[in-house]
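>>> let's see this in three dimensions:
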Amino acid sequence: MATIIDSSDDIQIYNDDKNFRVFAGPGAGKTYFVINNIKEIIKNSSKLKLDNNRRICCITYTNVAADEIRRRLGNFNSYVHVSTIHSFLHEFVIKDNQLQLKLLIKEICDIEVPKRVQFYPRQEGFGLLAKLELTQLLEKIRDYGVNIKVDEKTNKKIFEDAVLNIKSLENYDDKLKQIKLKQSDNFSNEALLKIKKAIWSLDGVLDFDEILYFSLLLIKNYRQIIYSIRYLFPYFLIDEYQDTVKIQNEIFHVMGQSSSVSIGVIGDAAQSIYGFADANYRDFLNFNLICKNFNTYVINNNRRSNQNIVHFLNHMRIDDANLQEQLCVTNEGKEKVHFLLCAKDPSMILPQLPEDTIVLCRRWTDAFIYINGLTSEQKQKVQQIHAFSTYAAGRNLFEDFENGKLKWVAQIKFIVDINKAIEAHDFSSILNECSKIFDINGIIKPNKNQVLKLKQLKSFVEKMKKLESQENYFDMIKYINLEAENCGLTILNTFEIMGEDDPLYEELYFYLNELKYNTLKKMVEEIFVKEGKYVTIHKTKGKEYNSVLVSLETAYYDNSQQIIQAMATPHIFVDEKNQNEWKWGEFQRIAYVAFSRAKNNLYIHVKNNMKAFAPVESALAKYMIENNINEKFYDIIDLNN
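Alright, predicted model coming up:
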């Protein structure tokens, strides 16, 4: 039987008599629960007092979540190690056991790694081979007998399939002799192994799955490693366990096979949305360690959303036997859930919603349908630029626009920012932008030519007001260079149209050439903004917003009838016997996560008319009757007329 608790309750983990699991839905205060119980362990645990080196281990799903927990722990941080599972395993398994790891790699992969090479994890957000020179890598690969045809499009990304494919392994037997790498159109598995050998001869970078795999083998094969971890960390608290993959689950079971360790997992199966990464919520539902008592707790409060949103969320998770109903405990807002029926022009929706509304979509570029002032052709060009940068070049455009270091990004930002400064009559900002092209010392420092230089600057600025009239991005660059030359100021930097060294970027410039001024402005001020209005649902885990617009339409699920079905007959835990069922269940959980981000205003866009939407309205009316809800918690707004 599960015990109902509040997020502020102390479940006395420090008594060392149990392992445990906590079911906690959105807005339940999971982070508060974790932090509160960590503090209670620190205050009361005899194990921690035994040795100052002993600590609590708190595993989170993201670095952002880890940073937040550290911030909230404050002075208690010295007693706790907070990190992702990959960072923890590198720090306490991989880093100090390099010799043992090399012996395992020799046994399993038949690859002898040089003594000078030290294994480390690849940096998040960067490619696997970011630190390696391409020419050096190609030379080493040829030394191992793999002939690579080099042409102008050869780049490091074609070798990034040379990483362990965990999904291909039926088990994690420490006697495994055959290792499979990711499938590649460019190379056979045999060739990939030789490429992996070349990579490890030059650099010890490990992909995230490789850290998991080799860490598991190390703690299974070398008892002193697991003994050391259990001594150093007598307590493990693992958040978001529904997103744990099979091999992580195996690692925690190995660590927990001792009564000297207490392990607690916290999560919500209804928010399991990382199936594409091989996560399975059933590992959370079935989690149990038999070496000591196992307790199950439920936090059924929702401290985020108002009562009307909570009603709808309860409808969506109606088949969850472990946490079927949440209780609204703090938010006294009265706003209803709004279903917006709009089949034709979604760009009309956003101007009618609160200014702080965040748009949540399956894919980030799906949000473009809500952007006003861009033609469908221009939206497509931006989507192509984003797809190229992400998948071909391995770039994060949000970070690139934030730091402005890429040449083409810096040029776009200049075009937008110089006009913004001119419109605001902000002389300081105008000077700052012009310093990216000219030597402005003659303007800011008193000298006999200062008046002339100011006139030359004014002439250039007046010409920049006509940037909007240029046909496309390349015309704007040519126009800037021409007027810079004509104005008479000393030029330090001429904008280049083909500015990147990598030939791979030729394709990108084909897309850039089609962009209009207004599109560049949207890219800088609305689209490629790190904390902007448009967010993918997967990026919102752990976040909350006052006002949310949810769109579930994508190129993969562009069937409004399926969306209607998801809300009319929700089954977030479907029978996952085949791939289609698995995708359908995950689709509904993704929808649930999106809906649960809203605090006060939840808008759901559906590409249907009233007739097609009738099954949802009927299902919600039935839910109200069955749960004795007297006041309607939703409304339907038909924007099709």
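>>> could you find the closest non-adjacent residue to residue 45?
Leaving out its chain neighbours, the residue that sits closest to residue 45 by C-beta to C-beta, 6 or more residues apart in numbering is residue 14, at 4.1 Å. Bear in mind the C-beta positions are built from the backbone N, C-alpha and C, glycine included.
>>> now do the contacts for the one you found.
Applying C-beta atoms under 8 Å, 6 or more residues apart in numbering, one finds that residue 14 lies in contact with 40-41, 43-47.
>>> at 7 Å instead, please
By C-beta atoms under 7 Å, 6 or more residues apart in numbering, the contact set of residue 14 is 40-41, 44-45.
>>> pretty sure residue 330 contacts residue 304?
No: here residue 330 does not reach residue 304: they are 8.2 Å apart, not a contact under C-beta atoms under 7 Å.
>>> mind listing the helices for the stretch 201-350 of the chain?
208-221, 223-232, 246-255, 282-285, 307-316 (DSSP state H, counting those that start in this stretch).
>>> just the buried ones from the contacts of residue 14?
For these, a neighbour count by 16 or more other C-beta atoms under 10 Å gives the buried set as 40-41, 45.
>>> compare residue 330 and residue 304 (neighbour count), which wins?
When residue 330 and residue 304 are compared for neighbours, residue 304 comes out ahead with 25 against 12, by other C-beta atoms under 10 Å.
>>> from residue 566, how far off is that one?
22 Å (C-beta to C-beta, to the nearest Å).
>>> ok, residue 215 next?
For residue 215, the distance to residue 566 (C-beta to C-beta) stands at 38 Å.
>>> give me the low-pLDDT residue ranges for the stretch 101-250 of the chain?
Applying pLDDT under 70 to the stretch 101-250 of the chain flags residues 125, 150-154, 170-178.
>>> how does it look with 90?
Within the stretch 101-250 of the chain, the stretches with pLDDT under 90 are 107-111, 122-138, 142-193.
>>> kindly report the same for the stretch 501-641 of the chain.
For the stretch 501-641 of the chain, the ranges with pLDDT under 90 are 501-513, 526-527, 529-532, 539, 541-542, 552-566, 571-587, 607-609, 612, 640-641.
>>> please, where are all the helices along it?
Shown for the stretch 501-641 of the chain, the helices assigned by DSSP H, counting those that start in this stretch span residues 506-512, 517-522, 560-568, 579-595, 610-626.
>>> figure out which of those is closest to residue 124.
helix 579-595 (21.5 Å; C-beta to C-beta).
>>> helices or strands up against that closest one?
Applying 3 or more C-beta pairs under 7 Å, 6 or more residues apart in numbering; DSSP states H and E, one finds that helix 579-595 contacts helix 307-316, helix 560-568.
>>> among those helices, which is the most enclosed?
For those, average neighbour numbers computed from mean count of other C-beta atoms under 10 Å are highest in helix 307-316, which has a mean of 24.
>>> so what touches it?
302, 305, 325-326, 328, 335-337, 570, 592, 595-596, 598, 602, 620, 623, 629, 633-634.
>>> could you do stretch 252-269 as well?
Taking C-beta under 7 Å, 6+ apart as the rule, stretch 252-269 contacts 13, 16, 18-25, 30, 34, 219-220, 226, 229-230, 234-242, 281, 284-285, 287, 289, 291-292, 320, 322-323.
>>> separation between residue 416 and residue 518?
Here the criterion is C-beta to C-beta. By it, residue 416 lies 10 Å from residue 518.
>>> neighbour count: these two, which is higher?
A count of neighbours by other C-beta under 10 Å puts residue 416 above the other of residue 416 and residue 518, at 19 against 13.
>>> quick one: residue 443 is in a helix?
Yes: counting by DSSP: H, G, I helix; E, B strand; the rest coil, residue 443 is found in a helix.
>>> just give me the neighbour total for it.
20.
>>> not counting sequence-adjacent ones, nearest residue to it?
residue 453 (4.8 Å).
>>> cool, and residue 418?
Nearest to residue 418 is residue 433, by C-beta to C-beta, 6+ apart, at 4.4 Å.
>>> pretty sure the one you found sits in a helix.
Yes: judged by three-state DSSP, residue 433 forms part of a helix.
>>> so who does it touch?
Residues in contact with residue 433 (C-beta under 7 Å, 6+ apart) are 414, 417-418, 421.
>>> need the max-distance pair from those residues.
414 and 421, at 10.3 Å, using C-beta to C-beta across the contacts of residue 433.
>>> those two: which has the busier surroundings?
The neighbour count for residue 414 versus residue 421, taken as other C-beta under 10 Å, is higher for residue 414 (24 against 20).
>>> okay, and the more buried one sits in which element?
helix 407-423 (DSSP states H and E).
>>> now swap in residue 359 and tell me
Element membership of residue 359, judged by DSSP H and E, is strand 358-361.
>>> tell me the buried residues in the following helix or strand past that strand?
Sequence order places helix 376-387 as the next helix or strand after strand 358-361, per DSSP H and E. Neighbour-count burial for helix 376-387, counted by 16+ other C-beta under 10 Å, picks out 378-379, 381-386.
>>> quick one: contacts of the very next helix or strand once past helix 376-387?
Next helix or strand after helix 376-387 toward the C-terminus (DSSP H and E): helix 397-403. Helix 397-403 is contacted by residues 386, 389, 406, 409, 524, 528, 530 when judged by C-beta under 7 Å, 6+ apart.
>>> what's the offset of helix 397-403 from the middle of its chain?
Going by C-alpha atoms, centre = their mean, to the nearest Å, the spacing between the C-alpha centre of helix 397-403 and its chain's C-alpha centre is 15 Å.
>>> do the same with stretch 305-312
26 Å.
>>> that older thread, out of the contacts of residue 14, who's nearest residue 481?
When those are ranked by distance to residue 481 (C-beta to C-beta), residue 41 comes first, at 64.0 Å.
>>> Three-state assignment for that closest one, please.
Classified using three-state DSSP, residue 41 is helix.
>>> residue contacts, it?
Counted by C-beta under 7 Å, 6+ apart, residue 41 has contacts 13-14, 56, 235.
>>> quick check: chain neighbours aside, which residue is closest to it?
Using C-beta to C-beta, 6+ apart, the nearest residue to residue 41 is residue 14, at 4.8 Å.
>>> how close does that neighbour get to residue 217?
Applying C-beta to C-beta to residue 14 and residue 217 gives a distance of 32 Å.
>>> roughly how far apart are the residue nearest the centre of the chain and residue 189?
Nearest to the mean C-alpha position of the chain, by C-alpha atoms, centre = their mean, lies residue 539 at 4.5 Å. Per C-beta to C-beta, residue 539 is found 33 Å from residue 189.
>>> show me how the record splits the protein into domains.
Here the domain parsing of the chain from automatic domain parsing is 3-92+222-299, 98-214, 307-357+533-638, 373-527.
>>> which strand of this protein spans the most residues?
Ranked by residue count and defined by DSSP state E, the top strand of the chain is strand 598-606.
>>> looking at the chain, name the residue that lies furthest from the middle.
Seen from the C-alpha centroid of the chain, the residue lying at the greatest distance (C-alpha atoms, centre = their mean) is residue 448, 55.5 Å away.
>>> buried ones in the helix or strand where residue 463 lies, by neighbour count?
Remark: residue 463 resides in helix 450-464, with elements defined by DSSP H and E. Under the neighbour-count criterion of 16+ other C-beta under 10 Å, helix 450-464 has 453, 456-457, 460-461, 463-464 buried.
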